[in-house]
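Chemist: Predicted model, plus sequence, below.
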Amino acid sequence: MFRVLFLFHLRMKRRLSSDKENSSSSCEEQTEFFKRVLHPSGDSGDQDFSWAWLPQEILLRVLQCLSLLDRAFASQVCRGWNQAFHMPELWRCFEFELNQPASSYLKATHPDLIKQIIQRHASHLQYVSFKVDSSTESAEAACDILSQLVNCSLKTLGLISTARPSFMELPKSHFISALTVVFVNSKSLSSLKIDDTPVDDPSLKVLVANNSDTLKLLKMSSCPHVSPAGILCVADQCHGLRELALNYHLLSDELLLALSSEKHVHLEHLRIDVVSENPGQQFHTIKKSSWEAMVRHSPKFSLVMYFFLYEDEFGPFFRNEIPVTHLYFGRSVSKDVLGRVGMNCPRLIELVVCANGLRPLDEELIRIAERCKHLLAIGLGECEVSCSAFVEFVKMCGRRLSQLSIMEEVLIPDHKYSLDEIHWEVSKHLGRVWFPDMMHTW
Amino acid sequence: MFQDQSEDTAACFPGFLFAAFRGSVKRPVFAPLGDILGVMVTNTVHWFRKGLRLHDNPSLRDSIVEADTLRCIYILDPWFAGSSSVGINRWRFLLQCLEDLDANLRKLNSRLFVIRGQPTDVFPRLFKEWKITRLSYEYDSEPFGKERDAAIQKLAREAGVEVTVRISHTLYHLDKIIEMNGGQSPLTYKRFQTLISRMDAVETPAETITADIMGRCTTPISDDHDDRFGVPSLEELGFDTEGLPSAVWPGGETEALTRLERHLERKAWVANFERPRMNANSLLASPTGLSPYLRFGCLSCRIFYFKLTDLYRKVKKNSAPPLSLYGQLLWREFFYTAATNNPRFDKMEGNPICVQMPWDRNPQALAKWAEGRTGFPWIDAIMTQLRQEGWIHHLARHAVACFLTRGDLWVSWEEGVKVFEELLLDADWSVNAGSWMWLSCSSFFQQFFHCYCPVGFGRRTDPNGDYIRRYLPVLRAFPAKYIYDPWNAPESVQKLAKCMIGVHYPKPMVNHAEASRINIERMKQIYQQLSCYRGLGLLASVPSNSSCNGDGAGGGPGDSSQEVSGAGMLTCPAPLNPRELICCLWLLLLLMSQHV
């Protein structure tokens, strides 16, 4: 018994250390391997002891360590192992990979396997995710599978677009009816990730009606058919919700107040994407008092905000104090806005700026160092900072800066420091060896 | 297989003897004993591939020593040329290099022999026909080059031909760098620099081939040389040259050396050895640009290296030059080192250093990008310049590569490699694939947060938009305010510019804000999985020396972590699939080995 475990262990180890591309050997070879494990002394076998009598619990533990493919090979060895292959415990979790050869480089889950899972294991599934490529066929296939999961009780469901979001291209009604099958049947859904899908308010109502006691995580960035009222209904009734991800247009004072109501558990994580849909778009503001209520209710919650705006669209942001912890600016952001960040983001932990205008960010960085006492990580792309100001910034933040990713181009040599000197100076203040990120030249 | 005959010749080849050469420099020269006795004739063939030059060409120089005849050959297959993936600009550059080589050889009473065919067919014939006893060529570090050369060496051995191979395309012996790194190619540029600083000094360049060096060595030239061995024309290779504008980058060693002088003059004049700041002018082809010449070996990287060193010492009063002085050369070296033992270097699948990403297969989007029809003037102008001239600035490469892959279109970097291979004069298998992996953040531990905006990046570089107007004349009349995002211009402005967006120039093919939101999230997920990082930070998701065993890592697939993770990520209790697991462990191993 231990020998089997040992052999499996050995095999796993061998696979890992062997050359990566040689890791997939032929089917026959694999089955042969397992047969050899079963009858180590050749075909005669030991009459006193049969590996087929291995206790199920042990076998289960072993099979749990194996990949699906290896489990399938093992299942071809004998009847006992074949039965073990179908133990419910091995089918709690499954990731459907739905790719078309015309639109993806990756392999897809075999249709026969999908069929078998639906027929024999639908009721065992608990943690399910669908990874679909950019083709509508793949999204449709995902919906077909979803609509057949009538006998299951999922805890986790993830619909993940690995390339261009393809669920959006489906007829909305088709998608909704498949999704509501899960909502209605599951009753104990706790994590739901449905970014970039045509989910709408009525389907969220169904979700709430059936899973309000269990829902803890909801990720739904870029779901254009959901309205602020739709998400408010979720927050009002799902008091266990701890993590939420959505676009800025769904964020409202009411939502924050609902999340910080007495009945509601502490929020752990709120992720907001601020994306401009059309040029010159006006964004609403969130009251300072709503954020304050949120922080009072959940003092430790993280607020992650990703901005993808043109410079002139930042008008309503960072006018008042905001409890943001992680900030990402995906596009050029003005000195003015970064100045406001320094003034109004006392909880800031990570700041990433992809680009800014042509003037150096010296005072802005110093102010951020002064006022954002929790800052641990900073990344600067196409920006400019004078070497002296940068050294000053690092000196003020000191060793707590655990991530410092600065493109070499960002640093402008001045009378105090050249580019060669700055890495010593910064390393000294950080207490570890540091270099700017290099860029390839031809 | 590879013979480095630089130092201990006498010890290794007792049949050879040392002799002082005619020049003032004393160095080992070896000649077959039989030759000295006048029994045997040494007929040499030097095989040009890269290294298309007479200066610093050690294998050619060694091959001439004590030889009676020398024939310099270049092998090309005209049937293959027309159908190959290499575009007309690159072929023209190559043919100009060959013309120049031929012209320079004529000055030595020699000629270049361009042989039509495939090396494996050509050599047995040549060995016999020309009674060849010695074959020389420059060492090729790339996997397919090594394979090809091994086959030719076998043929030479069978024919009793002695083979001389010398390194001159790179500054260092790449295998030694790898050996110093414990048998693995270094995967961060920083690590590479550390290794380089511990290497022996770069070997000094070999002296230029002159009439003196040729000595009594002659080239048998037949009357019908031009017909049989002349440099072919583009037409002969099947290209249509009608309306082809003259080359912005003329090929050849002579041009390369002129440019080198200009390059150094400018550096001396600026007296600043830091990287020049980017401006609108740097986007245009510069008469001091060297990259295509280094690629084809019209310019020796060692000559460049030593001339830079001399200049630096002269200007900076003998202070030791920093490694950053040689940036352009070291990057090249870095990618050659990374690729030399990896035949899958230009592929994602089966490439052990490449992160596996679920790229989209999207031929329509790819074609729009390659042909400059994306609707983003900044991207389209760059792709137009690339197609017309064969060269674009390195930041322009970053911009278009980011746009095609992780920034906007989510198309595989392998497709980008193919397009650059066709169009870019300085595209080398190793350097090209390496930079694409780099720019798409598929390897080399790159931070991926830095996503170039196809509107803002150009505007920052060239606020006036002159670069756009030069390569996209259709947008010429647009005011600077709208030239990077013409779809935002009011209709009246479009009318006045005589260019309606969607009619005369395409609308943007993607919503950049939306695409980059989706893509950055995807990159984050892929990297978090690789680095086993479960925190909220974006920067920490890229594995590095310090972050891999950071907060929240570990957390095995126990039931408690199955529902909601602290990371705000939906976690799935499935163990990683074997490939991911291998990749993850491999990354960990790498991190340990990269630790300085």
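Modeler: Ah, there it is.
Chemist: what residues does the stretch 401-550 of chain B put near chain A?
Modeler: B:410, B:412, B:426, B:431, B:435, B:438-439, B:446-447, B:449-453, B:456-457, B:460, B:485, B:488, B:511-514, B:516-518, B:520-522, B:536-540, B:546-547, B:550 (Cβ under 8 Å from any Cβ of the partner chain). Backbone N, C-alpha and C define where each C-beta goes, glycine included.
Chemist: repeat that with 7 Å
Modeler: Contacts of the stretch 401-550 of chain B with chain A, taken as Cβ under 7 Å from any Cβ of the partner chain, map to B:410, B:412, B:426, B:435, B:438, B:447, B:449-451, B:453, B:456-457, B:460, B:488, B:513-514, B:516-518, B:520, B:536-540, B:546.
Chemist: Out of those, name the ones that lie in helices.
Modeler: Among these, DSSP state H puts B:435, B:438, B:456, B:457, B:460, B:513, B:514, B:516, B:517, B:518, B:520 in helices.
Chemist: want to throw those into TSV with neighbour count?
Modeler: TSV is the format used below for these (neighbours: other Cβ atoms under 10 Å in any protein chain shown):
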residue	neighbour count
B:435	26
B:438	23
B:456	23
B:457	27
B:460	18
B:513	21
B:514	18
B:516	25
B:517	25
B:518	22
B:520	23
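Chemist: Only alpha carbons, please: show the helix or strand hosting residue A:62 as PDB.
Modeler: Assigned by DSSP states H and E, residue A:62 falls within helix A:56-64. Taking Å, rounded to 0.1, in the frame of the first residue of the first chain, the C-alpha atoms of helix A:56-64 are listed here in PDB:
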ATOM      1  CA  GLN A  56     -11.100   3.000  -1.200                       C
ATOM      2  CA  GLU A  57     -10.100   5.800   1.100                       C
ATOM      3  CA  ILE A  58      -6.400   5.200   0.400                       C
ATOM      4  CA  LEU A  59      -7.100   4.900  -3.300                       C
ATOM      5  CA  LEU A  60      -9.100   8.100  -3.200                       C
ATOM      6  CA  ARG A  61      -6.200  10.000  -1.600                       C
ATOM      7  CA  VAL A  62      -3.900   8.700  -4.200                       C
ATOM      8  CA  LEU A  63      -6.200   9.600  -7.100                       C
ATOM      9  CA  GLN A  64      -6.700  13.000  -5.700                       C
END
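Chemist: Tell me how many other residues crowd residue 126.
Modeler: Picked chain A for this. Residue A:126 sits with 23 neighbouring residues when counted by other Cβ atoms under 10 Å in any protein chain shown.
Chemist: please go with chain B instead
Modeler: For residue B:126, the number of neighbouring residues by other Cβ under 10 Å comes to 23.
Chemist: that's a helix at it, yeah?
Modeler: Yes. The assignment for residue B:126 by DSSP: H, G, I helix; E, B strand; the rest coil puts it in a helix.
Chemist: Contacts only, for it.
Modeler: When the contact criterion is Cβ atoms under 7 Å, 6 or more residues apart in numbering or on different chains, the partners of residue B:126 are B:45, B:132.
Chemist: That one and residue A:313, how far apart?
Modeler: Separation of residue B:126 from residue A:313 (Cβ to Cβ, to the nearest Å): 69 Å.
Chemist: Check residue B:98 too.
Modeler: Using Cβ to Cβ, residue B:98 is found at 56 Å from residue A:313.
Chemist: more crowded one of those two?
Modeler: A direct count of neighbours by other Cβ under 10 Å for residue B:98 and residue A:313 places residue B:98 higher, at 22 against 19.
Chemist: Flag the shaky bits of chain B, pLDDT-wise.
Modeler: Residue ranges of chain B with pLDDT under 70: B:1-39, B:82-83, B:271, B:274-277, B:544-596.
Chemist: Let me see the ranges of the strands in it.
Modeler: B:43-48, B:69-76, B:112-116, B:134-138, B:162-166 (DSSP state E).
Chemist: And the longest one, how far out from the chain middle?
Modeler: Strand B:69-76 has its average C-alpha position 25 Å from the chain's average C-alpha position, going by Cα atoms, centre = their mean, to the nearest Å.
Chemist: ditto for the third one
Modeler: Taking Cα atoms, centre = their mean, the mean C-alpha location of strand B:112-116 is offset from the chain mean by 25 Å.
Chemist: How about the last one?
Modeler: For strand B:162-166, the gap between its own C-alpha mean and the chain's C-alpha mean amounts to 24 Å (Cα atoms, centre = their mean).
Chemist: re earlier: what's the first helix or strand after the helix holding residue A:62?
Modeler: Downstream of helix A:56-64, the next assigned helix or strand under DSSP H and E is helix A:68-75.
Chemist: ok, now how distant is the residue in the stretch 51-200 of chain B that chain A sits nearest to from residue A:172?
Modeler: Closest residue of the stretch 51-200 of chain B to chain A, Cβ to the nearest Cβ: residue B:189 (5.2 Å). When distance is defined by Cβ to Cβ, residue B:189 is 48 Å away from residue A:172.
Chemist: And for residue B:401?
Modeler: Going from residue B:401 to residue A:172 by Cβ to Cβ gives 36 Å.
Chemist: go on, residue B:179?
Modeler: 61 Å.
Chemist: Look at the two and report which has more neighbours.
Modeler: Between residue B:179 and residue A:172, residue A:172 has the larger neighbour count (other Cβ under 10 Å), namely 15 against 12.
Chemist: My guess is that one contacts residue A:198. True?
Modeler: Yes. With contact defined as Cβ atoms under 7 Å, residue A:172 reaches residue A:198; the gap is 4.4 Å.
Chemist: tell me, what's touching the two both at once?
Modeler: Residues touching both residue A:172 and residue A:198 (Cβ under 7 Å, 6+ apart): residue A:225.
Chemist: May I have the one helix or strand residue A:379 maps to exported as CSV, CA atoms only?
Modeler: Following DSSP H and E, one finds residue A:379 within strand A:377-382. Extracted C-alpha coordinates of strand A:377-382, given in CSV (Å, rounded to 0.1, in the frame of the first residue of the first chain):
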residue,chain,number,x,y,z
ALA,A,377,4.3,49.2,-3.8
ILE,A,378,4.7,51.6,-6.7
GLY,A,379,5.1,51.1,-10.4
LEU,A,380,5.8,53.9,-12.9
GLY,A,381,5.7,53.5,-16.7
GLU,A,382,6.0,56.4,-19.1
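Chemist: close to chain B, is it?
Modeler: Yes. Strand A:377-382 reaches chain B (Cβ under 7 Å from any Cβ) through A:377, A:379, A:381, A:382.
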